[in-house]
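> Pasting a predicted model and its sequence here:
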Amino acid sequence: MFRVSQFMHELMAPSPVGPHRNPPGPVVIWNLIRRCNLACKHCYSISTDKDFAGELTTAEVFTVMTDLREFKVPVLILSGGEPLLRPDIFRIAARAKAMGFYTALSTNGTLIDEATADRIGSTGFDYVGISIDGIGATHDRFRARDGAFAASLAGIRRCVARGVKVGLRFTMTMDNAAELPQVIGLMEAEGVAKFYFSHLNYAGRGNKNRLDDATMQITRDAMDLLFDTAWEHAQAGRAREFVTGNNDADGPYFLSWVRRHQPERVDHVAAKLAQWGGNASGVNVANIDNLGEVHPDTMWWNHSLGNVRQRRFSAIWPDVSDPLMAGLKRHPRPVEGRCAACVHLAACNGNTRVRAERISGNVWAEDPGCYLSDEEIGLP
């Protein structure tokens with residue numbers, strides 16, 4: 001995740017540059033349930049509205065949570081499918097809060113009625129992320145459900161009214177890129193605290209729909225809009241947060257934006273980008289699916305590192321006998337092609353390996369989702 005707003009504050013009030021450091025444990029995104037009331041076209045878990053056998057029980061979830069806490073995992077993001085369809089979701093969340101985890105909920109928002117919003121507020125979620133793929137009919141098409149936009153917007157409003165920190169998540173493709181300004185405007189109008197811009201990643205139904213991925217120039221235009229908007233908010237002192245995900249070329253592209261707008265800060269931002277370190281799959285980001293399989297991140301459901309029913313997460317995660325994990329944990333990673341020659345490798349860390357694997361069959365090939373020019377990455 002590239003924290004755009006954090007880097008905007010670096011432009012306003014530069015902080016000392018330090019070495020790259022990993023947190024004590026990874027952020028864990030936990031798909032507690034695969035069932036979902038929607039059938040979104042970019043769903044990485046290929047969820048649908050039916051029960052899936054073999055999902056972890058409440059007792060098993062609690063056992064894993066104890067191990068995660070002892071392993072110094074700082075953050076649990078409770079996801080699905082649609083996590084609000086899991087009957088014990090609020091028991092799990094309350095337990096997570098009591099154990100000291102930063103606890104987030106990742107939901108489509110359509111099931112947040114007044115009673116559910118009350119429970120979300122009283123549980124004390126640190127953050128609730130709700131996906132919006134466009135305005136009105138555009139969102140409904142992405143979610144394959146008429147009325148999904150209205151239901152999600154109502155859920156957003158109910159959470160905001162209860163003082164819950166809410167973020168809008170927007171995954172851009174060619175089909176909704178033109179509505180990015182409107183979705184940002186929605187965030188501002190509704191008093192939402194955070195905007196998460198996600199690039200399309202080629203996993204699950206996202207892989208099936210990758211031909212709809214935004215073109216390079218549209219992606220650059222979207223990043224310019226996002227950076228300009230985040231800068232305006234930072235200068236105005238507004239408490240709004242902008243972040244991006246699933247394309248770590250965003251960091252080096254931000255450096256190009258800085259070069260155009262504040263060239264005197266280029267060296268400082270370059271050093272801060274290296275301190276950030278880019279893609280963290282398999283290192284600082286982990287995924288547990290509904291069956292207890294552990295993956296390097298949510299986009300790697302085709303690759304299991306082990307199951308928490310047979311082996312503790314704390315034993316699975318450091319194990320580099322798996323070649324993929326061994327490569328992901330290497331610094332620099334053993335990437336090839338443009339990625340290997342890129343002058344920004346320390347800042348990007350080879351970007352998202354899933355796209356490389358899905359397109360070429362080689363997990364270490366150059367990332368086809370990189371939207372930087374040869375000149376920008378230091379090639380002749």
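Arrived safely, thanks for sending.
> and the nearest residue to P24 once chain neighbours are set aside, backbone torsions?
Once flanking residues are discounted, P24 sits nearest to K72: 3.8 Å by Cβ to Cβ, 6 or more residues apart in numbering. C-beta coordinates here come from the backbone N, C-alpha and C atoms, glycine included. In this entry, K72 is assigned phi and psi values of phi 70, psi 30 (degrees, to the nearest 10).
> Could you count how many residues lie near the closest residue to D133 other than its chain neighbours?
Among residues not flanking D133 along the chain, F142 sits closest, at 3.8 Å (Cβ to Cβ, 6+ apart). F142 has 25 neighbours, counted by other Cβ atoms under 10 Å.
> what's the answer for the one 3 residues further on, then?
The number of residues packed near R145 is 19, by other Cβ under 10 Å.
> quick one: contacts for the nearest residue to it once chain neighbours are set aside?
Spatially, and ignoring its direct neighbours in sequence, R145 is nearest to L38 (5.4 Å; Cβ to Cβ, 6+ apart). Contacts for L38 (Cβ atoms under 8 Å, 6 or more residues apart in numbering) come out as D49, E82, N108, T110, R143, A144, R145, A148.
> Buried ones among those residues?
E82, N108, T110, R143, R145, A148 (16 or more other Cβ atoms under 10 Å).
> Which helix or strand contains the residue nearest to D133?
Per DSSP states H and E: F142 is located in helix 137-143.
> Dump that helix to PDB, restricted to CA.
The C-alpha trace of helix 137-143 is given here as PDB (Å, rounded to 0.1, in the frame of the first residue of the first chain):
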ATOM      1  CA  ALA A 137     -25.700   2.100 -12.400                       C
ATOM      2  CA  THR A 138     -22.000   1.700 -13.000                       C
ATOM      3  CA  HIS A 139     -21.500   0.300  -9.500                       C
ATOM      4  CA  ASP A 140     -24.600  -1.900  -9.900                       C
ATOM      5  CA  ARG A 141     -23.100  -3.400 -13.000                       C
ATOM      6  CA  PHE A 142     -19.800  -4.200 -11.300                       C
ATOM      7  CA  ARG A 143     -21.600  -5.700  -8.400                       C
END
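> the strands in the stretch 151-300 of the chain, which residues?
Taking DSSP state E, counting those that start in this stretch, the strands of the stretch 151-300 of the chain run over residues 166-172, 194-199, 241-245, 285-288, 293-295.
> The longest one pairs with which strands, and in what direction?
Meaning strand 166-172. strand 127-131 (parallel), strand 194-199 (parallel) (DSSP bridges).
> Can you say which of the ones you listed is nearest to M216?
Shortest distance between M216 and the strands paired with strand 166-172, using Cβ to Cβ, is found for strand 194-199: 11.5 Å.
> Tell me what angle the closest one forms with strand 241-245.
Interaxial angle of strand 194-199 relative to strand 241-245 (axes from the mean of the first three to the mean of the last three Cα atoms, to 10 degrees): 20 degrees.
> contact partners of strand 194-199?
127, 129, 165-172, 180, 184, 187, 214, 219, 222, 226, 240-247, 369.
> give me that answer again for 6 Å
167-171, 187, 226, 241-247 (Cβ atoms under 6 Å, 6 or more residues apart in numbering).
> Can I get these in a markdown table including neighbour count and distance to V269?
Output for the contacts of strand 194-199, formatted as a markdown table (neighbours: other Cβ atoms under 10 Å; distance: Cβ to Cβ, whole Å):
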| residue | neighbour count | distance to V269 |
| --- | --- | --- |
| G167 | 21 | 24 |
| L168 | 22 | 26 |
| R169 | 21 | 26 |
| F170 | 23 | 25 |
| T171 | 22 | 26 |
| M187 | 23 | 25 |
| L226 | 22 | 16 |
| E241 | 19 | 18 |
| F242 | 25 | 16 |
| V243 | 20 | 16 |
| T244 | 27 | 15 |
| G245 | 17 | 19 |
| N246 | 26 | 21 |
| N247 | 26 | 18 |
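> Quote the end-to-end distance of stretch 363-380.
For stretch 363-380, the first-to-last residue distance is 25 Å (Cα to Cα, to the nearest Å).
> avg pLDDT for it?
Mean pLDDT, stretch 363-380: 93.
> With stretch 285-297 instead?
Mean predicted lDDT for stretch 285-297 stands at 97.
> ends of it, how far apart?
Span of stretch 285-297 from end to end, Cα to Cα: 6 Å.
> Can you get me the centre-to-centre distance for it and its chain?
Relative to its chain's centre, stretch 285-297 lies at 14 Å (Cα atoms, centre = their mean, to the nearest Å).
> contacts for it?
26-31, 33-34, 54-56, 281-282, 298, 301, 304-309, 316, 328.
> related to what we said a few turns ago, cross the buried ones among the contacts of L38 against helices and list the overlap.
Of the buried ones among the contacts of L38, the ones assigned to helices by DSSP state H are R143, A148.
> Lowest pLDDT pick from the buried ones among the contacts of L38?
The minimum pLDDT among the buried ones among the contacts of L38 falls on R143, with 89.
> Who's the closest spatial neighbour of it, skipping the chain neighbours?
Closest to R143 by Cβ to Cβ, 6+ apart is L38, at 4.7 Å.
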